[in-house]
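Trainee: here's a sequence, model it:
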Amino acid sequence: MYRRTKILATLGPATDDPKILDKIIEAGIDVVRINFAHGTSEEHLLRAEKMRSRARAFGRQVGVIVDLQGPQIYIKRFRDSRVHLSEGDEFILDTQLGKNEGDQNRVGVSYKALADDVKRGDNLLLDDGRLVFWVDRVEKHEVICRVLIGGRLGDCQSISLKGGGFSAEVLTKKDKKDIKVAAEMGADYLVVSFVSCADDIHNARKLLEDAGGHGGVIAKIERSEALDNIEDIIEASDAIMIARGNLGVEVGDASLPPIQKRLISLARTKNKVVITATQMMESMIRNELPTRAEIFDVANAVLDGTDAVMLSAETAAGKYPDKAIQAMDRICREAEKQRKAVQSYHRMHTEFFDIFEAIAMSTMYTANHLHVKAIVALTESGATPLLMSRISSSIPIFAFTGHLDTRRKVTLYRGVIPVSFDVTTPDHATLNREVIDELKRRGAVRDGDRVILTKGDLAGVMGGTNAMKVLTVGDLVEPPPLVEKEDLIQDN
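Mentor: Sure, this is the predicted structure:
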């Protein structure tokens, strides 16, 4: 009934039509991304409000992610919009050339420090790696290159340094202003682009909190330097996004698949959320069906344990945004039926240091071996369902919470469904009935089904989950107390 892998769709001009917005909600989006590299603050705020308003109309909770632009390193414009370069041509990247003065021999560059950051022998990759330049020499403000792989080069294409090494600051002036917009929007997550170390995350989190924001912080992994510091980056973040476009350019396309698998595994091991992004359904920008390669790509990410799969231009600017989501939905559902997707060896031989973590792990072990139909976590912060979602399973996890921020946050967690629920009674039997009634109302359970409920003794306490209870729908009589072995000996 429930898809576990979350679908993250980027909003844009193609989704501004209210009818299309309704279609993508109906198609099954869980979270939306607003890309601050395009558009104005007013447009971003309006899109977020429209999405939340329409989601409420459908009785849905949809999370909102803000993706910061980060440092932009790109060529400027040509006089004739584009040039064609052949292998062996000399071509100059000039940091002092005017905005629209590019020609067959040279073009301006937005990044003033380019001449300081590169040296003879470096490879520069333009237009997402479609063209490759070899740096022959650097003369003052000019980077003089030889074309290794040519082709058509148009205005404003990106520049990457193979192996990484650009010294640009991660948080630009624009990003710092946009963080305030994200806080005003009440964004559930903030994506920090071009992260290279944990301090980039700490700095962004402080700026967000200072602006009054309460969302989580996501590290976008797209620089090779980030891989050198990946464990510290994951520890500092609430989630990571594997941005395979820029990352693939920097590390090389053949290295990307094993890196993706390692990052998904590492994030889950550290109890953090992971998003797989970039070109997952790119052919659907123009076509109504995905390619077979795209189907395999999405399915493999699901089988590897990603929390979410992301659509970019497919929904922001594509012709068939709702069909792209529908295709991704059916691929995820089919992949989740496979044995690998529901088996887990997560933390089977490690020590737990928090009671709520022990409860979460015990719940998932019990649920996977007791034919449980649903898991309900009464939660304040969402910490317990997050830990549960690290365990591969086919059982839906319902995060019952009275906090809107928590309901929005868990929209990104694999297998977790947010439910608005306020604990209004201290009586355990009454509370149990209210929980089961809500599940029945949703069609999630019926009489005879088993449900596991986790909760804390004190309502309103963060991290206070300390109890797990197995309930049978239609039979909410309290079970007899456990009999200790010593009591049996004394009775005999």
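Trainee: D89 reaches L148, doesn't it?
Mentor: No. Counting by Cβ atoms under 8 Å, D89 does not reach L148; the two are 10.0 Å apart. Where C-beta positions appear, they are placed from N, C-alpha and C, glycine not excepted.
Trainee: show me where pLDDT drops low in the stretch 301-450 of the chain?
Mentor: 340-353 (pLDDT under 70).
Trainee: just the strands in it please.
Mentor: Here the stretch 301-450 of the chain has its strands, by DSSP state E, counting those that start in this stretch, at 308-311, 374-378, 397-401, 416-420, 450-456.
Trainee: now distance to D228 too, for the ones you listed, in CSV please.
Mentor: Formatted as CSV, the strands of the stretch 301-450 of the chain follow (distance: least, Cβ to Cβ, whole Å):
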stretch, distance to D228
strand 308-311, 24
strand 374-378, 36
strand 397-401, 34
strand 416-420, 32
strand 450-456, 38
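Trainee: including mean neighbour count and distance to I20, could these go into JSON lines?
Mentor: Shown next, in JSON lines, are the strands of the stretch 301-450 of the chain (neighbours: other Cβ atoms under 10 Å; distance: least, Cβ to Cβ, whole Å):
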{"stretch": "strand 308-311", "mean neighbour count": "27", "distance to I20": "13"}
{"stretch": "strand 374-378", "mean neighbour count": "27", "distance to I20": "33"}
{"stretch": "strand 397-401", "mean neighbour count": "27", "distance to I20": "29"}
{"stretch": "strand 416-420", "mean neighbour count": "22", "distance to I20": "24"}
{"stretch": "strand 450-456", "mean neighbour count": "22", "distance to I20": "37"}
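Trainee: quick one: which of the ones you listed is nearest F58?
Mentor: strand 416-420 (13.7 Å; Cβ to Cβ).
Trainee: so what does the closest one touch, helix or strand wise?
Mentor: Counting contacts by 3 or more Cβ pairs under 8 Å, 6 or more residues apart in numbering; DSSP states H and E, strand 416-420 packs against helix 383-389, strand 397-401, helix 404-409.
Trainee: residues contacting the closest residue to L227 other than its chain neighbours?
Mentor: Distance criterion Cβ to Cβ, 6 or more residues apart in numbering; nearest residue to L227, sequence neighbours excluded, is I259 at 6.9 Å. For I259, the contact set (Cβ atoms under 8 Å, 6 or more residues apart in numbering) comprises L227, I242, L247, V251.
Trainee: for V309, same thing?
Mentor: By Cβ under 8 Å, 6+ apart, the contact set of V309 is 5-8, 275-277, 280, 298, 301-302, 328, 332.
Trainee: one more time with 10 Å
Mentor: When the contact criterion is Cβ atoms under 10 Å, 6 or more residues apart in numbering, the partners of V309 are 5-9, 275-277, 280-281, 297-299, 301-302, 328-329, 331-332.
Trainee: can you list the domain ranges for this structure.
Mentor: As recorded under automatic domain parsing, the domains making up the chain are 6-70+169-338, 82-161, 355-472.
Trainee: which one, of the helices and strands packed on strand 416-420, ends up nearest to A183?
Mentor: Per Cβ to Cβ, nearest to A183 of these: helix 404-409, 12.7 Å.
Trainee: now that closest one - C-alpha only, CSV.
Mentor: The C-alpha coordinates for helix 404-409 follow below in CSV (Å, rounded to 0.1, in the frame of the first residue of the first chain):
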residue,chain,number,x,y,z
LEU,A,404,4.1,20.5,12.2
ASP,A,405,7.9,20.9,11.8
THR,A,406,8.4,17.2,12.7
ARG,A,407,5.7,16.1,10.3
ARG,A,408,7.4,18.0,7.5
LYS,A,409,10.9,16.7,8.4
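Trainee: and that helix, what does it pack onto?
Mentor: If contacts are counted by 3 or more Cβ pairs under 10 Å, 6 or more residues apart in numbering; DSSP states H and E, helix 404-409 sits against strand 63-67, strand 216-221, helix 383-389, strand 397-401, strand 416-420.
Trainee: what about S158, distance to L46?
Mentor: Applying Cβ to Cβ, to the nearest Å, the value for S158 to L46 is 28 Å.
Trainee: look at those two and report which has more neighbours.
Mentor: S158 (17 against 13; other Cβ atoms under 10 Å).
Trainee: how many neighbours does the residue nearest to that one when sequence neighbours are not counted have?
Mentor: Nearest non-adjacent residue to S158, counting by Cβ to Cβ, 6+ apart: Y74, 5.1 Å away. Using other Cβ under 10 Å, Y74 is surrounded by 15 other residues.
Trainee: ok, Y74 - contacts?
Mentor: So Y74 contacts G108, V109, S110, Y111, L126, D127, D155, C156, Q157, S158, I159 (Cβ under 10 Å, 6+ apart).
Trainee: what's the answer for Q260, then?
Mentor: I221, I242, R244, L247, G248, V274, T276, D297, N300, A301, D304, T306.
Trainee: for it, helix, strand, or coil?
Mentor: helix (DSSP: H, G, I helix; E, B strand; the rest coil).
Trainee: let me know the pLDDT of it.
Mentor: In this prediction, Q260 carries a pLDDT score of 97.
Trainee: where's it relative to L208, distance?
Mentor: 27 Å.
Trainee: for stretch 251-263, output the C-alpha coordinates as CSV.
Mentor: Provided in CSV are the C-alpha atoms of stretch 251-263 (Å, rounded to 0.1, in the frame of the first residue of the first chain):
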residue,chain,number,x,y,z
VAL,A,251,35.9,12.3,-10.1
GLY,A,252,35.3,10.8,-13.6
ASP,A,253,32.1,9.0,-14.8
ALA,A,254,33.5,5.5,-14.2
SER,A,255,34.2,6.2,-10.5
LEU,A,256,30.7,7.5,-9.8
PRO,A,257,28.7,4.2,-9.3
PRO,A,258,30.9,2.8,-6.5
ILE,A,259,31.0,6.2,-4.9
GLN,A,260,27.2,6.4,-4.9
LYS,A,261,26.9,3.0,-3.3
ARG,A,262,29.5,3.8,-0.7
LEU,A,263,27.8,7.1,0.2
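Trainee: would you mark the buried spots in that stretch?
Mentor: By 16 or more other Cβ atoms under 10 Å, the buried positions in stretch 251-263 come out as V251, L256, I259, Q260, L263.
Trainee: and the helices in the stretch 201-350 of the chain, which stretches?
Mentor: Applying DSSP state H, counting those that start in this stretch to the stretch 201-350 of the chain gives helices spanning 224-228, 230-236, 244-251, 256-269, 292-304, 313-316, 321-336, 339-342.
Trainee: ok now the longest one, how far from the chain's centre?
Mentor: So that's helix 321-336. In terms of Cα atoms, centre = their mean, to the nearest Å, the centre of helix 321-336 is found 17 Å from the chain centre.
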